[in-house]
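In: Next input, structure requested:
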Amino acid sequence: MFLNDMIEVFLFVNPLGPTCYETEKIIESFSNERDEKVKVRFIPLLNFHTIGNIMKEKENQTLANRNQLYTDSFHASLAFQAASMQGKKKGRKFLMALQDKVINEGKEVTKELFTQIAEMIKLDLEMFEEDFESDFTKAAFKKDQKLAQEMEIQNAPSCVLYPSGDDEYGYRLDTAITKQILHGFSDEKIQLKKSTPKHLSLIQMV
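Out: The predicted model follows:
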């Protein structure tokens, strides 16, 4: 078995997607089971595909509901970005708490809910509210969407895993993301090269 010093994981999610929420828990569990340092980055992905996939699971698939889901997902993405300004782990904790409230408890996506969660996980509330409204946070969101395009990610959840942590060898999982697959890729040393971020040499799971 080949063990690397660090594993890097990029997980692209719709912040309000039930499947994405379950995948995030898988990634967190996988991270805790590895001997190496695992660097995890949750990245909100908002496009036609991610909204459409969530809408398929809903009974009322009206245009108004689709538009509302897009707006809620966008605001949730900005709130996640704002929380992440106080640390990546804080951001992940905020996102998963938000998903729990919305997906499991049926809470509406509101600024009041964002504030409640920010207080619950002990964020600096004033800083969080300022960051939520800032142009810098919107720019960070746009940068993440560009990263998804460069990695040719369209659906959520999607995962890009670098077992060596040096961006030389990567795997993209576009469908079923399981701990078994993540562990398998992390334990293998496959000589795959990439040139630029736009042309990643990735194994795509279909």
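In: Can you mark which positions in stretch 66-85 are buried?
Out: By neighbour count on 16 or more other Cβ atoms under 10 Å, the buried set for stretch 66-85 is 66, 69-70, 72-85. The C-beta positions use only the backbone N, C-alpha and C, and glycine is treated the same way.
In: which ones among those residues are found in helices?
Out: Within those, residues falling in helices by DSSP state H are 66, 69-70, 72-84.
In: Specify which member of the residues you listed is nearest to residue 15.
Out: Of all these, residue 15 sits closest to residue 76, with 4.0 Å by Cβ to Cβ.
In: mind listing what the closest residue to that closest one other than its chain neighbours touches?
Out: Of all residues not flanking residue 76 in the chain, residue 15 sits nearest, at 4.0 Å (Cβ to Cβ, 6 or more residues apart in numbering). The contact partners of residue 15, by Cβ atoms under 8 Å, 6 or more residues apart in numbering, come to 44, 73, 76-77, 80, 95, 98-99.
In: Try it again at 6 Å.
Out: Counting by Cβ atoms under 6 Å, 6 or more residues apart in numbering, residue 15 touches 44, 73, 76-77, 80.
In: where exactly do the strands run in this structure?
Out: 6-13, 37-44, 158-162, 170-173, 202-205 (DSSP state E).
In: out of the ones you listed, deepest packed?
Out: strand 158-162 (a mean of 25; mean count of other Cβ atoms under 10 Å).
In: mean confidence score for it?
Out: Confidence for strand 158-162, expressed as mean pLDDT, is 92.
In: cool, and stretch 25-44?
Out: For stretch 25-44, the mean per-residue pLDDT is 93.
In: Residues contacting it, please?
Out: 4, 6-12, 15, 77, 80, 92, 95, 144, 179, 182.
In: same check, this time on stretch 108-119
Out: 72, 76, 79, 94, 97-98, 107, 125, 128.
In: Out of those, the closest to residue 169 would be?
Out: Nearest to residue 169 among the contacts of stretch 108-119: residue 94, at 31.2 Å, using Cβ to Cβ.
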